[in-house]
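Q: Okay, sequence plus prediction incoming.
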Amino acid sequence: MPHACARISPTRCRLANCSSRCAMSDDVRVSAMPADSETPADTDASIGGVLREAREALDLTEEAAASSLHLDPTILRALEQDDFARLGAPVFVRGHLRKYAGLLKLDADTLLARYQAIASTEMPLPARSAKRPDRFAVDDGLNWPVVLAVLAVVLLAAFAVWRLRGQPAEPMPVATDLSQAFSAGVQSRLAEIDPTLPPAPVSLPRGTSAAALAAVPPARETLAASPPDESLDAPVAATLAAGEGLHLVIGFTEECWTEITDADGRRLYFGLAAADQRVDVRGRAPVSLLLGNAAAARVWIDGEPWNVPRERIVNNVARVRLEPSP
């Protein structure tokens with residue numbers, strides 16, 4: 001053999017020696033590794049499979065592991081089933097994965113690296129999208145269709161209220177003259193009196209001096225002589241010379257519509273007499289007298305007190321004709 005090697009070139013000898021050494025080295029490596037040895041981690045196993053096997057090796061149920069981590073069991077079940085899309089964004093998956101690996105005494109960095117490789121090559125389809133449906137989603141957080149509908153309803157309601165308030169109520173017929181209003185009220189009450197019944201003539205004694213009127217005390221101590229209220233229709237008063245016609249004085253305790261007309265048709269007084277007012281007139285007999293509130297009137301004729309006959313009072317309205325006795 002040495003003689004054979006001597007006849008072979010040095011280069012061919014070196015190649016032969018190298019091949020022999022490589023063959024021997026491979027035999028040594030194969031014989032050094034036991035036939036039944038296993039790698040620390042099966043590279044073919046999924047992340048979920050590694051987690052499930054580690055949990056079962058520790059004799060933990062899903063509920064017990066979830067309770068220890070203060071998580072819902074569905075989160076751990078999604079990790080063990082590699083259903084990472086159910087957990088939402090990758091940041092949440094990495095957080096749950098790190099916590100679960102720590103509980104199971106696994107290398108969290110290795111599992112996270114494997115998950116990162118999966119997440120970078122695959123776009124997970126979420127089983128339940130966290131994004132709101134498009135028909136409710138708006139850029140600024142407001143549901144504009146609903147907001148506009150509410151605004152429209154508010155504007156319509158405000159317009160309806162404005163129209164109702166702005167529309168004037170049905171105008172009530174108003175008497176253009178205050179005296180007409182009171183006269184109409186008195187006349188309506190007089191309508192209940194028998195129109196065929198004439199005003200009751202009253203015979204007055206002759207010879208009563210006008211000066212005796214001053215001696216007649218007022219019907220009430222609080223009654224004071226005062227002119228008619230100028231804010232109302234001014235009553236028509238006719239003053240005759242002393243001794244001419246009928247002297248009529250009326251005092252009032254309450255407001256009373258009063259009409260006094262003499263034989264010539266002149267209105268000696270026509271208007272609303274105020275409370276505590278005194279009316280003092282003279283006129284040619286017969287004198288027609290109308291009292292819209294007979295109970296509030298006190299009458300003196302030629303200085304003598306005189307009461308309105310009860311049969312001439314209907315609904316507290318009195319209408320009489322005063323004339324002296326022959």
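A: Received it, and whenever you're ready, just let me know what you need. Values in this document were obtained by computation on a predicted structure and should not be read as measured data. Residues are numbered from 1 along each chain as shown.
Q: Could you give the number of residues near residue 160?
A: 10 (other CB atoms under 10 Å). For the C-beta atoms, the positions are set from N, CA and C on the backbone; glycine is no exception.
Q: Wasn't it part of a helix?
A: Yes: checked against DSSP: H, G, I helix; E, B strand; the rest coil, residue 160 lies within a helix.
Q: can you tell me which residues contact it?
A: Listed by CB atoms under 8 Å, 6 or more residues apart in numbering, residue 160 has no contact partners.
Q: so how far is residue 282 from it?
A: Residue 160 sits 64 Å away from residue 282 when distances are taken as CB to CB, to the nearest Å.
Q: ditto for residue 318
A: In terms of CB to CB, residue 318 sits 20 Å off from residue 282.
Q: Comparing those two, which shows the higher neighbour count?
A: Comparing residue 318 with residue 282 by other CB under 10 Å, the one with more neighbours is residue 318, at 25 against 22.
Q: How much space separates the more buried one from residue 304?
A: 18 Å.
Q: Count the residues that sit near residue 260.
A: So residue 260, with other CB under 10 Å, has 25 neighbours.
Q: what's the pLDDT at it?
A: Residue 260 is assigned 96 on the pLDDT scale.
Q: check contacts around it.
A: 248, 267, 268, 269, 270, 279, 281, 283, 287, 288, 289, 290.
Q: Who wins on neighbours among those?
A: Counting neighbours by other CB under 10 Å, residue 268 comes out on top of the contacts of residue 260 with 28 neighbours.
Q: Find the helix or strand that it is a member of.
A: strand 267-273 (DSSP states H and E).
Q: so what does that strand touch, helix or strand wise?
A: Counting contacts by 3 or more CB pairs under 8 Å, 6 or more residues apart in numbering; DSSP states H and E, strand 267-273 is packed against helix 178-190, strand 246-252, strand 256-261, strand 278-283.
Q: at 6 Å instead, please
A: Judged by 3 or more CB pairs under 6 Å, 6 or more residues apart in numbering; DSSP states H and E, strand 267-273 is in contact with strand 256-261, strand 278-283.
Q: So what angle separates the directions of the helix or strand that the last one is followed by and strand 256-261?
A: Looking back up the chat, that one is strand 278-283. Using DSSP H and E, the helix or strand that follows strand 278-283 towards the C-terminus is strand 287-291. Angle, strand 287-291 to strand 256-261, by axes from the mean of the first three to the mean of the last three CA atoms, to 10 degrees: 170 degrees.
Q: Which SSE is immediately downstream of strand 287-291?
A: strand 297-301.
Q: Next, work out how far apart residue 301 and residue 281 are.
A: Taking CB to CB, one finds residue 301 at 11 Å from residue 281.
Q: and residue 86, how many residues sit next to it?
A: A count of nearby residues for residue 86, using other CB under 10 Å, gives 16.
Q: Can you pull out the low-pLDDT segments for the stretch 201-326 of the chain?
A: Along the stretch 201-326 of the chain, segments meeting pLDDT under 70 span 201-244, 325-326.
Q: make it 90
A: For the stretch 201-326 of the chain, residues meeting the criterion pLDDT under 90 lie at 201-245, 322-326.
Q: Looks like residue 252 contacts residue 298 (just checking).
A: No: using CB atoms under 6 Å, residue 252 makes no contact with residue 298, being 7.6 Å away.
Q: higher neighbour count, these two?
A: residue 252 (23 against 18).
Q: which ones are touching that one?
A: Residue 252 makes contacts with 273, 275, 277, 296, 297, as judged by CB atoms under 6 Å, 6 or more residues apart in numbering.
Q: ok, the residues you listed vs residue 46, which is closest?
A: Closest to residue 46 out of the contacts of residue 252 is residue 275 (107.9 Å), distances taken as CB to CB.
Q: The closest one and residue 89, how far apart?
A: To residue 89, residue 275 is 90 Å away according to CB to CB.
Q: Neighbour count for the two, which is higher?
A: residue 275 (13 against 10).
Q: Could you measure from that one over to residue 309?
A: 24 Å.
Q: what do you get for residue 259?
A: Residue 259 is 18 Å from residue 309, by CB to CB.
Q: Settle it for me: which of these two has more neighbours?
A: Legend: neighbour count by other CB under 10 Å for residue 259 and residue 309, higher for residue 259 (21 against 11).
Q: what is the more buried one paired to in the beta sheet?
A: Applying DSSP bridges to residue 259 gives these bridge partners: residue 270, residue 290.
Q: shouldn't it be in contact with residue 290?
A: Yes: in this structure residue 259 lies within contact range of residue 290 using CB under 6 Å: 4.1 Å.
Q: For stretch 109-129, give the mean pLDDT please.
A: The model assigns stretch 109-129 a mean pLDDT of 74.
Q: Stretch 83-99 too?
A: 89.
Q: Please point out which parts of that stretch sit buried.
A: 84, 85, 86, 87, 90, 93, 94, 96, 97, 99 (16 or more other CB atoms under 10 Å).
Q: Give me the distance between the fourth one and residue 114.
A: According to CB to CB, residue 87 and residue 114 sit 16 Å apart.
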